[in-house]
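# from the sequence below, what's the structure:
(one chain, ligands or ions: 1)
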Amino acid sequence: MSLNASSRSAPPAMSFSFHRPGSLDAAIAFAREQGDAARFLAGGTDLIIQINRGRVAPRHLISLDGLGLDRIDEAATEYAIGAMVTHDAVVNHPGFQTNLVALAQASAVVGGRQVRNIATVGGNIVNASPAADLVPVLLALDATVDLRGLNGTRSMPLDRFLVERGRTERRPEEILTAVRFDKPPAASATWFLKAGRRKAMEISVICVAAQLVRGGKARIAIGAAASRTVRVPDAEVLVERQGAAAFREAGRIAADAVAPIDDVRASARYRKLLVAALVERALVACAGRIERGEA
Ligand SMILES: Cc1cc2nc3c(=O)[nH]c(=O)nc-3n(C[C@H](O)[C@H](O)[C@H](O)COP(=O)(O)OP(=O)(O)OC[C@H]3O[C@@H](n4cnc5c(N)ncnc54)[C@H](O)[C@@H]3O)c2cc1C
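Alright, predicted model coming up:
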């Protein structure tokens, strides 16, 4: 099937062929054949905008719809979220309402309802925007990504997969099939906070995710504060050693560790202040949930 679209006001007219392969292997083989001329299409909420703005001009769009990547699987010790799972499905998943609530919190603030209905978890990760809302939560969960290519599937920590803005370790023909993470213990909590200039349909000025396990690990991840979403290992270690007494200091360490930009949304200085405040608040929220048995 071939689709042609054009816009009266935007000069670069879109022109591409739309492909709907019958299997993952067929999609991978076609992507390999076409190289840079092809892009995988999930919900299209990042990609179509990039095409419309003339940032990329693929001749072939390869749909990932209908290839079995839209399931959330729960095993005894882990969850696997398929790459084509929508943000709306994450928001409504029963397993993500207690100690994994940060997943639902982050997906709930991606765009508006129409965007969340079609935009996917895989697209949020592969697009590699430093402001992608779900990514800090997945980093805080020590998530692993599964990449299927010509020679089968390889896995790697999400932290290693993300290189910098718009760049990942994915080979051009590889499909991100799923993101996996261990089920957290009962006495643990996650929390996600996002600061923007308004509450809805807003890209993050800063977003923060935290995970705390009672008497155990602490994880802190920050979006929109550097060229990629980052964890703050120094702050995590301090919280693991000192607990609640170190929450404020962890915020300060996190603010020192990031290198935000000045742009139309916020100054770098304001972003650092937000990082310090939101990291502390996210940790306090996690500790409170564990304390109250809400986790
Ligand atoms: C109005 C609007 C508001 C938005 N607000 C937010 C927001 O608040 N927070 C936020 O984080 N994002 C926001 N976004 C961005 C976007 O909706 C999300 O990043 C979304 O998760 C992208 O998913 P998608 O399925 O649409 O990806 P697509 O646009 O289909 O794909 C994005 C990129 O990833 C590649 N890709 C997708 N899936 C795979 C895969 N499985 N394997 C290999 N490559 C793949 C594509 O080739 C493309 O390069 C917004 C977008 C719009 C249009």
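# quick check: closest non-adjacent residue to whichever residue of the stretch 1-150 of the chain sits closest to the ligand.
Residue nearest to the ligand within the stretch 1-150 of the chain: residue 123 (2.1 Å; C-beta to the nearest ligand atom). Quick note: C-beta positions are derived from backbone N, CA and C, even for glycine. Closest residue to residue 123 apart from its sequence neighbours, by C-beta to C-beta, 6 or more residues apart in numbering: residue 42 at 4.1 Å.
# that neighbour touches residue 84, doesn't it?
Yes. The pair residue 42 / residue 84 is scored as a contact, 6.1 Å apart, by C-beta atoms under 8 Å.
# overlap of the contact sets of those two?
Contact with both residue 42 and residue 84 is made by residues 64, 120, 122, according to C-beta atoms under 8 Å, 6 or more residues apart in numbering.
# now rank the residues you listed by neighbours and give me the top one.
Neighbour counts for the shared contacts of residue 42 and residue 84 (other C-beta atoms under 10 Å) peak at residue 120, which has 29 neighbours.
# you'd agree that one is up against residue 84?
Yes. Applying C-beta under 8 Å, one finds residue 120 in contact with residue 84, separated by 5.2 Å.
# okay, now the one residue in the stretch 151-295 of the chain that gets nearest to the ligand: neighbour count?
Nearest residue of the stretch 151-295 of the chain to the ligand: residue 176, at 3.8 Å (C-beta to the nearest ligand atom). Residue 176 is flanked by 25 other residues according to other C-beta under 10 Å.
# which residues does it bridge with?
residue 147 (DSSP bridges).
# what about this structure, any weak spots by pLDDT?
For the chain, the stretches with pLDDT under 70 are 1-13, 295.
# who in it is up against the ligand?
Applying C-beta under 6 Å from any ligand atom, we find that the chain lies next to the ligand at 39-47, 49, 64, 83, 109-111, 115, 119-120, 122-124, 126-127, 132-133, 175-176, 201, 203.
# show me those that map onto strands.
Among the residues of the chain next to the ligand, the members found in strands (DSSP state E) are 39, 40, 41, 175, 176.
# chain neighbours aside, what residue packs nearest to the fourth one?
Once its chain neighbours are removed from consideration, residue 175 has its nearest residue in residue 148; the separation is 5.0 Å (C-beta to C-beta, 6+ apart).
# repeat that for residue 214.
Here the residue nearest residue 214, using C-beta to C-beta, 6+ apart, is residue 187, at 3.8 Å.
# and what of residue 164?
Spatial nearest neighbour of residue 164, excluding adjacent residues (C-beta to C-beta, 6+ apart): residue 227 at 4.5 Å.
# any chance you could map the helices in the stretch 51-200 of the chain?
Using DSSP state H, counting those that start in this stretch, the helices of the stretch 51-200 of the chain run over residues 87-92, 101-108, 113-118, 121-126, 134-140, 158-161.
# what's in contact with the fourth one?
Translated: helix 121-126. 40, 42-43, 45-47, 64, 69, 81-87, 90, 107, 110, 132-135, 138, 145, 158, 161, 168, 170, 176, 179.
# geometric centre of this protein: which residue is closest?
The residue lying closest to the centre of the chain (C-alpha atoms, centre = their mean) is residue 135, at 2.6 Å.
# mind listing what the residue nearest to that residue when sequence neighbours are not counted touches?
Once flanking residues are discounted, residue 135 sits nearest to residue 229: 4.5 Å by C-beta to C-beta, 6+ apart. Residue 229 makes contact with 130, 132, 135, 136, 139, 162, 221, 222, 223, according to C-beta under 8 Å, 6+ apart.
# so what's the residue count around residue 50?
Residues lying near residue 50 (other C-beta under 10 Å) number 16.
# that one against residue 56, yeah?
Yes. Between residue 50 and residue 56 there is a contact under C-beta under 8 Å: 5.0 Å.
# quick one: end-to-end distance for stretch 197-210.
22 Å (C-alpha to C-alpha, to the nearest Å).
# now do that stretch: distance to the chain's middle.
Offset of stretch 197-210 from its chain centre (C-alpha atoms, centre = their mean, to the nearest Å): 13 Å.
# over to stretch 246-253?
The answer for stretch 246-253 is 24 Å, by C-alpha atoms, centre = their mean.
# mind listing what's buried in it?
246, 247, 250, 251, 253 (16 or more other C-beta atoms under 10 Å).
# which ones among the residues you listed lie within strands?
Within the buried residues of stretch 246-253, no residue falls in strands by DSSP E.
# just the ones of the residues you listed in helices?
Per DSSP state H, helices hold the following members of the buried residues of stretch 246-253: 247, 250, 251, 253.
# cool, thanks, talk later.
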